[in-house]
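**Student:** Here's a sequence, model it:
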Amino acid sequence: MSVPDYPHYELGGFSEWFKGQDPGEEGAVLSVEPTDHTYTDLDGSTKNFESCTIELPDPKGDGVLYVKMNVDENEKVAVNTAQELLRVATTTRLLQQLGCSAISFFDAHPATSQLNTWTGLPNPSIEDCLLGTFRSDQVVDHTYPVEYREAAQNHPLPATRASMDIIAHRLPDVVFSGHNASIGGQAAYVSGTSFALARSLKNSLLIVAPDLPLSGTGDLPMARELTKGVYQLPTFEEWYDYNAEQYGESKASAMSPPGRQSIGYAQKIGEEANKRVRGVMLEAAHFAVPQISAVDHMPGESRKTLSDMLRESLYNIRRTLDYWDKLDLSSLDPSHQLIADQALPLAKTWESILPLKSREAMSKREVSRAVLINTALTSFFYGSVAIGMTHRLAVHTKNRAVADELHAIIHDNATKIEQIAAPKLVKPQQLIRGQLASILLTLYDSMHVQE
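**Tutor:** Below you'll find the model as predicted:
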């Protein structure tokens, strides 16, 4: 599978790029429709979220694929994947042969991927990533309506509402949720229990993304492993039950996503229409950590190192929160206002999560090295991202003293990550090929294999 050099991403969002594309000689029909929901662009203007659709000529089936690009800090990989899928659709008949009649694309973060400055660097380091990552406190893919036990969420973000409308209108057969991790390995999450699909995914990921180890644990410890590196995507209810058992009912809501995922939402809509919906989500890291596939148990001394690291991260988060009173954020431009709107709640979220993660690193005795490395690294990493976003505000507002203090914290955190995990940057082409393989294999399984 040939993928051009990355990044092939134009500022202005996926839909703007999509509008200028050639439908190809086969006669595909490309269209862009505005939704009823809006976002604020980086220039301060209000724009409508848009749905991009390809109608494929002469398909051998009536399958509909929904491709949702929804994680802002890693969206460029998802956007490049969608662009490559469009190239496949307009230059080959592969998708028609698989039974696909239409593809709907939705870019849930058309403004914010520009805020991830580290992705434009030729050879970025962990420190570059921590200083140049933008992350929202609430992920679009986790804010679909839900009501379960003590959890209730019925205030979806505008992007989520736009996605809900697209799902209800198209009622897809397959939903691809465009995720990428920042550090770790690669793991695919699929709805259903197709072991044939799981084996195909595992084998293809080893081929198309050889620099990324298959995760010996998923990001979601409650997920059922179908084969190495491939897991059954847990429902919101399973996620909540696990966290309630681990941390208690009072903490379960904080540790669980605020709402249902897009795949779960599409499945519920499908059930109402007596239609089976399949979903796939690939978590593939920009920085590979070899230990993420280790299954041996970590000794107590090493576990204590990870627990201490998380407690130090909590201390640094609290130091960062103290610095907010020293920042003059009264007259920010739209892009830095967006950073400010997300950095503070993100820091507070990790202030509440890190103590639980620290205790977890020490309490579980019979857990693999992969689980503990994954738990500690991802928590430490995203706590550091909140600090990095605050650093950007200090630099922008010319508060040199705060900026220097926060930069020193980021430098120390990046050094610790490198010493403990020895992460290696992965070529983006491998990430894109992994996403494409996941989409095509799940589409084939949905249209041609019965569980």
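**Student:** can you give me how far stretch 308-324 is from the chain middle?
**Tutor:** Put simply, stretch 308-324 sits 24 Å off its chain's centre (Cα atoms, centre = their mean, to the nearest Å).
**Student:** can you give me how far the helix or strand harbouring residue 240 is from the chain middle?
**Tutor:** Using DSSP states H and E, residue 240 maps to helix 236-247. With Cα atoms, centre = their mean as the basis, helix 236-247 stands 20 Å off its chain's centre.
**Student:** In it, which residues are buried?
**Tutor:** By neighbour count on 16 or more other Cβ atoms under 10 Å, the buried set for helix 236-247 is 236, 239-244, 246-247. Every C-beta, even on glycine, is put in place using the N, C-alpha and C of the backbone.
**Student:** just stretch 216-236 next, same as before
**Tutor:** Buried-residue list, stretch 216-236, by 16+ other Cβ under 10 Å: 216-223, 226-236.
**Student:** Filter those residues down to just the ones in strands.
**Tutor:** Under the assignment DSSP state E, the buried residues of stretch 216-236 contribute 226-227, 230-232 to strands.
**Student:** would a markdown table of these with pLDDT be doable?
**Tutor:** Supplementary listing: these in a markdown table, determined by pLDDT from 0 to 100:
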| residue | pLDDT |
| --- | --- |
| 226 | 94 |
| 227 | 93 |
| 230 | 94 |
| 231 | 93 |
| 232 | 94 |
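**Student:** Could you save those as TSV and add columns showing distance to residue 439?
**Tutor:** Below are these laid out as TSV (distance: Cβ to Cβ, whole Å):
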residue	distance to residue 439
226	18
227	19
230	15
231	17
232	18
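**Student:** so who does residue 410 touch?
**Tutor:** 127, 130-131, 384, 387-388, 391 (Cβ atoms under 8 Å, 6 or more residues apart in numbering).
**Student:** List the contacts of residue 190.
**Tutor:** By Cβ under 8 Å, 6+ apart, the neighbours of residue 190 are 197-198, 201, 226, 230-233, 278-281, 442.
**Student:** repeat for residue 204
**Tutor:** 434, 437-438, 441.
**Student:** which of those residues lies closest to residue 51?
**Tutor:** Residue 51 lies nearest to residue 438 out of these, by Cβ to Cβ, at 21.8 Å.
**Student:** you'd agree the closest one is up against residue 177?
**Tutor:** No - applying Cβ atoms under 8 Å, one finds residue 438 not in contact with residue 177, separated by 10.1 Å.
**Student:** Out of the contacts of residue 204, which is nearest to residue 37?
**Tutor:** Nearest member of those to residue 37, counting by Cβ to Cβ, is residue 438, at 27.5 Å.
**Student:** Are we agreed that the closest one is in a helix?
**Tutor:** Yes - using DSSP: H, G, I helix; E, B strand; the rest coil, the assignment for residue 438 is a helix.
**Student:** how close does it get to residue 282?
**Tutor:** Going from residue 438 to residue 282 by Cβ to Cβ, to the nearest Å gives 5 Å.
**Student:** Also residue 261?
**Tutor:** The value you get for residue 261 to residue 282, if Cβ to Cβ is used, is 14 Å.
**Student:** The helix or strand residue 374 falls within packs against which elements?
**Tutor:** Assigning secondary structure by DSSP H and E places residue 374 in helix 369-396. Secondary-structure packing of helix 369-396 (3 or more Cβ pairs under 8 Å, 6 or more residues apart in numbering; DSSP states H and E): helix 126-132, strand 183-184, helix 300-323, helix 334-363, helix 400-421.
**Student:** Including mean pLDDT and distance to residue 380, could those go into CSV?
**Tutor:** Shown next, in CSV, are the helices and strands packed on helix 369-396 (pLDDT from 0 to 100; distance: least, Cβ to Cβ, whole Å):
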stretch, mean pLDDT, distance to residue 380
helix 126-132, 95, 10
strand 183-184, 88, 9
helix 300-323, 84, 5
helix 334-363, 86, 8
helix 400-421, 94, 7
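**Student:** Residue 291 is nearest to which of the ones you listed?
**Tutor:** Taking Cβ to Cβ, helix 400-421 is the member of the helices and strands packed on helix 369-396 nearest to residue 291, at 6.7 Å.
**Student:** Appreciated, that's everything.
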